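[1] The amino acid sequence is not available; the structure is as follows:
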DNA sequence: CTCCTTTATCAACGCTTGTTGACTTTTACG
DNA sequence: CGTAAAAGTCAACAAGCGTTGATAAAGGAG
């Protein structure tokens, strides 16, 4: 076969598997999302999943691959940094379900947990450090607690009225919290 | 058998099963915590689990049974209510692992998710309503996001430095957030 | 057309799971 | 003692899982 640009026929199948996998993992978690169900959703044979992704763990790794794409906060005044960050995270969260895959599986799967840690401790904290924020690790961690807690209640537990809160109201409520975690002096030092 | 006070021999076995179940559910989640493993931990036969609890779902229901025991906030000044609440929750959370059972399983098990909702929407919100707080449901929900997010990062994901933060520092950081969610006017109304 | 690589299908494997029923041991009362 | 209920043991089941290898169809290349 001589294709123009690596646009093999199998790429479609690969993509279909990945899409089905993401949906199943996001909805059912790692254990309950079976290879057979994913294959059925993608309308292919379970053996094809093994052919293209090796095994379940690798398929999951591929399905949970993503980039947070943190926004550039350098031009934002400190007192509104929280709101900008929250709005970005909420929109990012609703965009695709990769983050929901990660959150749902991180609770029982160590691979997912490690990746989740990398996202916050490995991207947020270094960004704060570069911005010369004191105690970057603690602040990044606190922001993670609020951000992940909101996502948990909103997308996983479907906790009313959080699940149906408008983005604007969510930003208005959570923004100042994030701003405080980012800018306030350590209250236990006072 | 004529026992003095319903103190059957089997009660010990029942308790041993329940203790082992709680530990396994808290550590592994619903799916990965197997009846066989629980029985092995309790040093009994898997069939005994069925004898005393019927099936896995009922065993889980028994293991996840608990009471939040919310503190009385009526005598606490409003501006410190958050700190009192956070301290109570953290201590309660470290006391026994029932809450961790619930959090870990709520992500994939609908029974656990429903029970989790009852704890916050069914106990916190009504308490606020009685205290004549406006928008009790939203405020209870917001507090749930911060509290559950903290528990998730600290106990489930083992997210440093949150996991090793002292209770005092956690209270100092989180308290004001909870207080604001409880007392601040709705920022999206401004 | 033939040939060979890519893609897909099928049936089966070994294993683990929750769950069951028949059986044996223990225990307390007459 | 004897006996009947309670407590515990054992082997097995049906079903579902991830995974594999043999085999068949598809589709350009020569």
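    Arrived safely. Bear in mind that the values here come from a model prediction, so they are computed numbers and not experimental data.

[2] pretty sure residue A:74 is touching residue A:131, no?
    Yes - checked against Cβ atoms under 8 Å, the pair residue A:74 and residue A:131 is within contact range at 7.5 Å. Backbone N, C-alpha and C define where each C-beta goes, glycine included.

[3] Close to DNA strand D: what parts of chain A are there?
    Contacts of chain A with DNA strand D, taken as Cβ under 7 Å from any atom of the strand, map to A:1-2, A:9, A:33-37, A:46-47, A:49-50, A:55-57.

[4] Top of those by number of neighbours, please.
    Comparing the residues of chain A next to DNA strand D on neighbour count, residue A:33 comes out first with 27 neighbours (neighbours: other Cβ atoms under 10 Å in any protein chain shown).

[5] Contact partners for that one?
    The contact partners of residue A:33, taken as Cβ atoms under 8 Å, 6 or more residues apart in numbering or on different chains, are A:21, A:24-25, A:27.

[6] what's the answer for residue A:179, then?
    A:78-83.

[7] Now it: which helix or strand?
    According to DSSP states H and E, residue A:179 maps onto helix A:167-183.

[8] okay, the angle between that helix and helix B:167-183?
    Orientation note: helix A:167-183 sits at an angle of 150 degrees relative to helix B:167-183 (axes from the mean of the first three to the mean of the last three Cα atoms, to 10 degrees).

[9] show me where pLDDT drops low in chain A?
    Across chain A, the ranges flagged by pLDDT under 70 are A:1-8, A:190.

[10] what does it put close to DNA strand C?
    Contact residues, chain A versus DNA strand C (Cβ under 7 Å from any atom of the strand): A:1, A:8-10, A:12-13, A:44-48, A:51.

[11] Return the member of these nearest to chain B.
    residue A:46 (19.6 Å; Cβ to the nearest Cβ).

[12] that older thread, compare neighbour counts for residue A:74 and residue A:131 and give me the winner.
    Taking neighbours as other Cβ under 10 Å, residue A:74 and residue A:131 compare with residue A:131 leading, 13 against 9.

[13] which residues touch residue A:42?
    For residue A:42, the residues meeting the contact criterion (Cβ under 8 Å, 6+ apart) are A:13, A:16-17, A:19-20.

[14] switch to 10 Å and redo it
    With contacts defined as Cβ atoms under 10 Å, 6 or more residues apart in numbering or on different chains, residue A:42 is in contact with A:13-21, A:23-24, A:48-49.

[15] next one: phi and psi at it?
    Note on residue A:42: backbone dihedrals following degrees, to the nearest 10 are phi -80, psi 0.

[16] Pull the number of nearby residues for residue A:133.
    Residue A:133 is flanked by 15 other residues according to other Cβ under 10 Å.

[17] so the most centrally placed residue in chain A is in which element?
    Residue closest to the average C-alpha location in chain A (Cα atoms, centre = their mean): residue A:99, at 2.5 Å. Secondary structure assigned from DSSP H and E places residue A:99 in helix A:98-106.

[18] What of residue A:62?
    When secondary structure is defined by DSSP H and E, residue A:62 falls within helix A:56-63.

[19] Looking at chain A, which helix is longest?
    For chain A, the helix with the greatest residue count under DSSP state H is helix A:10-32.

[20] isn't residue A:64 right up against residue A:112?
    Yes - with contact defined as Cβ atoms under 10 Å, residue A:64 counts as touching residue A:112 (6.0 Å).

[21] Name the residues contacting each of those two.
    When Cβ under 10 Å, 6+ apart defines a contact, the residues bordering residue A:64 and residue A:112 alike are A:25, A:30, A:101-102, A:105-106.

[22] buried subset of these?
    Buried members of the shared contacts of residue A:64 and residue A:112, counted by 16 or more other Cβ atoms under 10 Å in any protein chain shown: A:25, A:30, A:101-102, A:105-106.

[23] List the residues that contact residue A:163.
    Taking Cβ under 10 Å, 6+ apart as the criterion, residue A:163 is in contact with A:153-157, B:141.

[24] List only those of these flagged as buried.
    Restricting the contacts of residue A:163 to buried positions leaves A:153-157, B:141, with burial counted as 16+ other Cβ under 10 Å.

[25] wait, which of the contacts of residue A:163 is closest to DNA strand C?
    In terms of Cβ to the nearest atom of the strand, no member of these lies closer to DNA strand C than residue A:156, at 22.4 Å.

[26] Could you measure from the closest one over to residue B:124?
    Noted for residue A:156: a distance of 19 Å to residue B:124, by Cβ to Cβ, to the nearest Å.

[27] Next step: the buried ones among the contacts of residue A:163 restricted to helices.
    The members of the buried ones among the contacts of residue A:163 that map onto helices under DSSP H are residue B:141.

[28] out of the residues of chain A next to DNA strand C, what pair is the most spread apart?
    Of all pairs drawn from the residues of chain A next to DNA strand C, the greatest distance, 25.3 Å, lies between A:1 and A:46 (Cβ to Cβ).

[29] Please tell me how far the residue nearest to the centre of chain A sits from residue A:70.
    According to Cβ to Cβ, residue A:99 stands 13 Å off from residue A:70.

[30] and for those two, which residues touch both?
    Shared contacts of residue A:99 and residue A:70 (Cβ under 10 Å, 6+ apart): A:89, A:92, A:119.
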